[in-house]
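Enquirer: one predicted model, sequence on top.
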Amino acid sequence: MIYSRLILVFLISIGSFISNEALSQSKKRTTFDEAKFSSLLIQGVTAKISGDFYLADSLLNACIKINPNDPVSYFELSGILLEKGDEYEAINMAQKAVEIEPNKEWYLTNLAIIYQNIKNFKSASICFEKLCKTHPNKIEYLFSLAECYMQDKNYKKAIKCLDKIESINGLSQDLSLQKHQIFIYLRKKKKALNELKKLVEKKPEDIRNYGLLGEYYQSIGRKKDAFEVFQKMVAIDSSNGLVRLSLFQYYYRIGKHEKAVNELLSVMDSYDVEENIKLEILLQISYEKNSLFTISELENLLKKFLLLHKKNSAAFLLFADIKFLQNKNDSAAIFLRKSLSINPMPFEVWSQLLTSELSSKKFLITIEDAKKAITHHPNQPLSYLVLGVAQSSINKYELALKNLKSGISLVVDDSLLLSDYEHHIGNAYYKLGEIENSFIYFEKAVKHNPNNPILLNNYSYYMAEQEADLDLAEDLILKALEYFPNNSTFLDTYGWVLFKKEDFLKAEIYINKAINKALEDNGALLEHYGDVLFKLGQKEEAIIFWKKAQKMKGVSKKIETKINEEKYIK
């Protein structure tokens, strides 16, 4: 609370005064080595101020040994002990200071604040009660007392305290609302209502008070009274955004959707309503279950909002979510970039942008955005992975390897991410013709994540291409097919492993099945099927499939030679 902080400032300001008084107070009580005590006390307080609590603790305890009746040493020690988390001893020290000098305001204030800090509000309130009695003109003590009463759920005493503050300071919206909320908690509707009525009567020029009254009428089911209050607001200032906000809430709660939308459009267009309140409403109506707002309505509201608040990164994120719901991923990416241009710190937004772009095969823009993500978040491994994958996808394998190896060094305690890195490093090495290095990384990747079907498929296919450990290749692709038995790519890989094992009859069955399961024509599938047919002695049919494959992407460089020489080329 504000007033507790004011008290802390007060304590700091009197700290030097306390230190200066210490010696003169102590002289009155007992005889001791004054010079030594004075020197140690000054050193102890200086050490405390400089933050050397260990030294301060030692020096102040030495002061107490010299003069156990000195309240200043106990007072200063209480603050050090509280800072160190020793709450029990902090209270003990603070209490001793009060016992020695019960009439000193700052010692009792210190004890009260320590009780507040450890959430012992009952004891804190007892201290503040004493302070309010001895210092009735210090309003900050009344505020602190009211806060302690409320925290201790002693609401009746809190109300009396707030009433006393009001009698001194006059009516204020903050005090009335505090009392209003307490009366609501105590289920005293009439008194809660009267607090708001009093606000309207005493401060009719503040239109917010009418809004509060109208909203409370509506919350207790008095819709007619609520509407009358809102109409008064319109009569006072129909263009005020706070008036339109109250009307929106009224229509929204009674289910008049079209009117609610119109009022909310006016709210979004107004400088009278705080930016964060508008955003909170937009987030609520966008994400709440069974929201009546259409996508079109949300977009119009957001456009209005952004005309006034062009630098609100959260609003651009909301717009991106709406575009993702519409499956307009390119538009969503534009809004994500706008959000990140304002606030580049949330890495989860970079992650959403990069993964969306990569899945859409927008490799060039993915590379640019991944580089920006790395600039802002150089220790996040995901950006390097996305960058490497995108670069591999446009055949920039050496660059991909460089970035993938930079990123893998940042992976900590994440076997799945580590496996993804090893998978793509293995793939880049394979494309560069470094087969031994490639298979080393594929082995590591499978070890770290043996349940990734895409990894299992790719490693199996590359081993088949190299005719390396075909039994292992078969085991891997069969495991991948357990996850996705109808995946055309996996079926083709299994067929190709069988082909390399010279099981041509079974290979024909699986590659044929792959062609039938494919969602679109695929050159590699047709070429493989032609190869199998040739091995089965069906030369003419093989040439037909090779020619079909030649017109498509994904075929080998040998396809033209196969057709011209009318035979399978290994």
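Expert: Everything's here; your move.
Enquirer: quick check, pLDDT for the nearest residue to N486 once chain neighbours are set aside.
Expert: Spatially, and ignoring its direct neighbours in sequence, N486 is nearest to K517 (5.3 Å; Cβ to Cβ, 6 or more residues apart in numbering). Yep, even glycine has a C-beta here, placed from its N, CA and C like the rest. Looking at K517, its pLDDT is 91.
Enquirer: K517 - how many residues pack around it?
Expert: 16 (other Cβ atoms under 10 Å).
Enquirer: use 4 as the first number for this chain going forward.
Expert: Shifting the count to begin at 4 puts that one at K520.
Enquirer: measure it to D478 for me?
Expert: Distance, K520 to D478, by Cβ to Cβ, to the nearest Å: 22 Å.
Enquirer: swap in T49?
Expert: For T49 relative to D478 (Cβ to Cβ), the value is 74 Å.
Enquirer: ok, K542 next?
Expert: 33 Å.
Enquirer: which SS state does F296 fall under?
Expert: Following DSSP: H, G, I helix; E, B strand; the rest coil, F296 is assigned to coil.
Enquirer: quick check: can you list the domain ranges of this protein?
Expert: 4-157, 174-276, 290-346, 523-573 (automatic domain parsing).
Enquirer: give me the pLDDT value at the most centrally placed residue in the chain.
Expert: Geometric centre of the chain, nearest residue: P349, 7.6 Å, by Cα atoms, centre = their mean. pLDDT, P349: 96.
Enquirer: equivalent analysis for A25, please.
Expert: A25 is given a pLDDT of 44.
Enquirer: likewise the one 5 residues further on?
Expert: K30 carries a pLDDT score of 43 in this model.
Enquirer: residue ranges with poor pLDDT in this protein?
Expert: Under the criterion pLDDT under 70, the flagged ranges of the chain are 4-33.
Enquirer: just to revisit the earlier point, so which of the domains of the chain is nearest Y432?
Expert: domain 523-573 (19.9 Å; Cβ to Cβ).
Enquirer: between the two ends of that closest one, how far is it?
Expert: Using Cα to Cα, to the nearest Å, one end of domain 523-573 lies 26 Å from the other.
Enquirer: hey, C-alpha coordinates of stretch 301-313 in PDB?
Expert: Below are the C-alpha coordinates for stretch 301-313, written out as PDB (Å, rounded to 0.1, in the frame of the first residue of the first chain):
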ATOM      1  CA  LEU A 301     -13.600  -8.600 -33.800                       C
ATOM      2  CA  GLU A 302     -11.500  -7.400 -36.800                       C
ATOM      3  CA  ASN A 303     -13.500  -4.100 -37.000                       C
ATOM      4  CA  LEU A 304     -13.000  -3.500 -33.300                       C
ATOM      5  CA  LEU A 305      -9.300  -4.200 -33.500                       C
ATOM      6  CA  LYS A 306      -8.900  -1.900 -36.500                       C
ATOM      7  CA  LYS A 307     -10.600   0.900 -34.500                       C
ATOM      8  CA  PHE A 308      -8.300   0.200 -31.500                       C
ATOM      9  CA  LEU A 309      -5.100   0.200 -33.600                       C
ATOM     10  CA  LEU A 310      -6.000   3.500 -35.200                       C
ATOM     11  CA  LEU A 311      -5.500   5.100 -31.800                       C
ATOM     12  CA  HIS A 312      -3.000   2.700 -30.300                       C
ATOM     13  CA  LYS A 313      -0.600   1.900 -33.100                       C
END
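Enquirer: contacts for it, please.
Expert: Residues outside stretch 301-313 that contact it (Cβ atoms under 8 Å, 6 or more residues apart in numbering) are 264, 267-268, 271-272, 274, 278, 281-282, 285, 288-289, 296, 315, 318-319, 321-322, 325.
Enquirer: also stretch 50-65?
Expert: Residues contacting stretch 50-65 (Cβ under 8 Å, 6+ apart): 18, 43-44, 46-48, 76, 79-80, 82-84, 86-87.
Enquirer: residues of it that come out buried?
Expert: A50, K51, F56, A59, D60, L62, L63, A65 (16 or more other Cβ atoms under 10 Å).
Enquirer: and if you look at stretch 190-199?
Expert: A195, L196, N197, E198, L199.
Enquirer: distance between it and the chain's centre?
Expert: 38 Å (Cα atoms, centre = their mean, to the nearest Å).
Enquirer: ok, S354 to N452 distance?
Expert: Relative to N452, and taking Cβ to Cβ, S354 is found at 19 Å.
Enquirer: make that K205, sorry
Expert: 69 Å.
Enquirer: repeat that for F319.
Expert: From F319 to N452 the distance is 35 Å (Cβ to Cβ).
Enquirer: okay, these two: which has more neighbours?
Expert: F319 (24 against 18).
Enquirer: with adjacent residues omitted, what lies nearest to that one?
Expert: Nearest to F319 is S342, by Cβ to Cβ, 6+ apart, at 3.7 Å.
Enquirer: what does the helix or strand hosting that neighbour rub up against?
Expert: Counting by DSSP states H and E, the element that carries S342 is helix 332-345. Under the criterion Cβ under 8 Å, 6+ apart, residues 314-317, 319-320, 322-324, 326-327, 352-353, 355-356, 359-360, 363, 365, 368, 372, 375 lie in contact with helix 332-345.
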